[in-house]
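# Make a model of this:
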Amino acid sequence: MQQPAPGDRARAISSLYPSPAILTAEHRVIEDPEWSLATVPHLADLCLQHIIHNFGKNPVLNRLLPEHQRKVLDRLSTDVPLAVTANLIRDEDYWKRCCTERWQVCDISNYGGSWKRMFMERHLENVVKRFIPNSTDPNQVLELIPLCKDYVRKLEVDQFLPPLQVDQKEEMDDDDTGSDFGDDEVSMHHYDIGVLITALPHLEELHLTYGMKDCGMNFEWNLFDFTHQDCCNLAVALKKCHNLKVFKLTRSKVDDNQTRLLVRNLLDHPCLVELNLSHNLIRDKGAQAVGKLINCSRLETLDLCNNQIHHEGAQALAQALAENSTLTSLNLRLNCLEDKGGEAIGHALLTNTTLKSIHLGSNNLSEPTATVFSQVLAQNTTLTNINFSCNHLGLDGGKQLLDGLADNKTLTEFDLRLAEVGQETEYLIHQIVWANREVARLGSLQNAPAKPL
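You can find the predicted model right below:
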């Protein structure tokens, strides 16, 4: 029998007894199925992961290299507290993620092209909308001011919640003598917006509506009251907002006394150019106060749509308009001016040289107003837009307006829908206005600067 060679014997023994290295590898594979021979992550990546995971406690960003900053910002959660990120992160991509993850509709054009500004303004607005007087901690708003004040240019608050008054409400429900119209209801003051807006040095636009959304079966009229205390707080604050350019207080049941108080604090305002008090309860005395403001400010746009202004208020506005040199747009739609008010406005426009647009729709106007405006159309060379829709100018009134337009070259918009001027007259007026609009369009094209090649 042939004896095995020494080398063969060694190989046979090794096959029966694997080496420790092989045993270790097989043992690892069996015990840890996720174990891999892949390369361990770079130390820099491990450090960045640690920074991202602990960013809320230890925000490290500016000391990193630019490429490392980019990785941190791309992976950083949008849930990191605003107190950490507000004054540290300027990257627009990060704030874009914050906005798009929170709101479905994000139109950056309304915020100067800045995602960070959008987030700051909308976040602050949401906190104010949810503020419940006597219940919400005021620090929820106050703590945001140093974080947001450098970025907020505009605030739109369309809801102010009333304070919780459970005990009083139950007593009123048990009292059968209470009035259904709220005469005995307790006035409910809202959040003092003045505390906030006076601390925003760059605030230029303020849009407010004192009311409540989605009240459902809990509806009560006093949920929509703009109280005297609310008005006082707001009026004092407006006087301190020196950079405010646009102020809108709509759908808030603002009455004459409140209008006068607001106007008193807006007189000689250095920057205000647009005032919107539409959809309120302003009557003649309130309109008279606004008339004083017209010539004691820089107002360019005034909207008093859907109030209760009659001819006396219109006459006060007309007197101010006749002497004014800044106002370019006036909206008096859905009031009660009637012909006395309409004629007064028309006579003012015979001397006014700055107003470009006027809306007198739905004011119960008739032929006498059309007669005055036929003279306006013949003499005024500034007006470009007139709206007489939903009035009763009549066939004769329409013919007088057509006569006044014969030599007019500036009017480019004239709304006579449902004004009862007759189909033929309305068509002829439309032809003249269309021709004026074409001339204006061609002129603007000729005067436009040439684009570089």
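# what residues are up against the one residue sitting closest to the centre of the chain?
In the chain, the residue lying closest to the centroid (C-alpha atoms, centre = their mean) is Glu156, at 4.2 Å. Glu156 is in contact with Glu121, Glu125, Glu205, His207, counting by C-beta atoms under 8 Å, 6 or more residues apart in numbering. From N, CA and C alone the C-beta is placed, and that goes for glycine too.
# wait, the third one sits on Cys271?
This means Glu205. No: the pair Glu205 and Cys271 fails to qualify as a contact (C-beta atoms under 8 Å) at a distance of 11.0 Å.
# thinking again about what came up before, so the residue nearest to the centre of the chain sits in a strand?
Yes: assigned with DSSP: H, G, I helix; E, B strand; the rest coil, Glu156 falls within a strand.
# What residues are bridge-paired with it?
Here Glu156 sits in beta bridges with His207, going by DSSP bridges.
# residues contacting Glu338?
Here Glu338 is in contact with His310, His311, Asn363, Asn364, Leu365 (C-beta under 8 Å, 6+ apart).
# between those residues, which is nearest Cys336?
For the contacts of Glu338, the minimum distance to Cys336 (C-beta to C-beta) is 4.9 Å, reached by His310.
# Can you say which helix or strand has the residue lying closest to the closest one once chain neighbours are set aside in it?
Nearest residue to His310, sequence neighbours excluded (C-beta to C-beta, 6 or more residues apart in numbering): Cys336, at 4.9 Å. Assigned by DSSP states H and E, Cys336 falls within no helix or strand.
# In this structure Cys336 contacts Asn363, no?
Yes: between Cys336 and Asn363 there is a contact at 6.8 Å, judged by C-beta under 8 Å.
# Settle it for me: which of the two has more neighbours?
When neighbours are counted by other C-beta atoms under 10 Å, Cys336 and Asn363 differ, and Asn363 comes out ahead with 25 against 17.
# Please identify the helix or strand for the more buried one.
Counting by DSSP H and E, Asn363 is part of no helix or strand.
# For the lengthiest helix in the chain, name the packing helices and strands.
Assignment by DSSP state H gives helix 423-447 as the longest helix of the chain. Where contact means 3 or more C-beta pairs under 8 Å, 6 or more residues apart in numbering; DSSP states H and E, helix 423-447 is packed against helix 394-404, strand 413-415.
# which of these is buried the deepest?
Per-stretch averages of neighbours, counted by mean count of other C-beta atoms under 10 Å, single out helix 394-404 among the helices and strands packed on helix 423-447, with a mean of 20.
# mind checking the SS state of Cys99?
For Cys99, the assignment made with three-state DSSP gives helix.
# part of a helix, is Ala406?
No: using three-state DSSP, the assignment for Ala406 is coil, not a helix.
# quick one: contacts for it?
The neighbourhood of Ala406, defined by C-beta under 8 Å, 6+ apart, consists of Ala378, Ile432.
# From the chain's centroid, how far away is whichever strand or helix holds Gly346?
Taking DSSP H and E as the criterion, Gly346 maps to helix 338-349. Averaging C-alpha positions (C-alpha atoms, centre = their mean, to the nearest Å) puts helix 338-349 33 Å from its chain's average.
# Okay, strands next: where are they in this structure?
Here the chain has its strands, by DSSP state E, at 154-157, 205-208, 246-249, 274-276, 301-303, 329-331, 357-359, 385-387, 413-415.
# Make a markdown table from those strands and add distance to Leu82 and mean pLDDT to it.
Formatted as a markdown table, the strands of the chain follow (distance: least, C-beta to C-beta, whole Å; pLDDT from 0 to 100):
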| stretch | distance to Leu82 | mean pLDDT |
| --- | --- | --- |
| strand 154-157 | 17 | 97 |
| strand 205-208 | 22 | 98 |
| strand 246-249 | 26 | 98 |
| strand 274-276 | 31 | 98 |
| strand 301-303 | 35 | 98 |
| strand 329-331 | 38 | 98 |
| strand 357-359 | 42 | 98 |
| strand 385-387 | 44 | 98 |
| strand 413-415 | 46 | 97 |
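# Kindly reformat these as TSV and extend each row with distance to Asp284.
What follows is these, written out as TSV (distance: least, C-beta to C-beta, whole Å):
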stretch	distance to Asp284
strand 154-157	29
strand 205-208	24
strand 246-249	19
strand 274-276	18
strand 301-303	16
strand 329-331	17
strand 357-359	19
strand 385-387	22
strand 413-415	26
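# that older thread, overlap of the contact sets of Glu205 and Cys271?
Residues touching both Glu205 and Cys271 (C-beta under 8 Å, 6+ apart) are Leu244, Lys245.
# sorry, back to before: restricting to C-alpha, output the helix holding Gly346 in CSV.
The C-alpha coordinates for helix 338-349 follow below in CSV (Å, rounded to 0.1, in the frame of the first residue of the first chain):
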residue,chain,number,x,y,z
GLU,A,338,-78.1,108.6,-4.3
ASP,A,339,-78.1,111.6,-6.7
LYS,A,340,-77.2,114.2,-4.1
GLY,A,341,-74.0,112.3,-3.3
GLY,A,342,-73.3,111.4,-6.9
GLU,A,343,-73.6,114.9,-8.1
ALA,A,344,-71.3,116.2,-5.3
ILE,A,345,-68.6,113.6,-6.3
GLY,A,346,-69.1,114.6,-10.0
HIS,A,347,-68.6,118.4,-9.3
ALA,A,348,-65.5,117.6,-7.3
LEU,A,349,-64.0,115.7,-10.3
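# For the residue nearest to His310, list the residues it contacts.
Neighbouring residues of Cys336 by C-beta under 8 Å, 6+ apart: Gln308, Ile309, His310, Asn363, Asn364.
# Is there a quick PyMOL command that grabs whichever of these are buried?
Buried residues within these, by 16 or more other C-beta atoms under 10 Å, are selected in PyMOL with:
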select buried, resi 308+309+310+363
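# Need the contacts of Cys336 in JSON lines (columns: distance to Lys409).
As requested, those are arranged in JSON lines below (distance: C-beta to C-beta, whole Å):
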{"residue": "Gln308", "distance to Lys409": "37"}
{"residue": "Ile309", "distance to Lys409": "32"}
{"residue": "His310", "distance to Lys409": "35"}
{"residue": "Asn363", "distance to Lys409": "27"}
{"residue": "Asn364", "distance to Lys409": "31"}
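# thinking again about what came up before, tell me how far the residue nearest to His310 lies from Thr250.
Going from Cys336 to Thr250 by C-beta to C-beta, to the nearest Å gives 19 Å.
# do the same with Gln49
50 Å.
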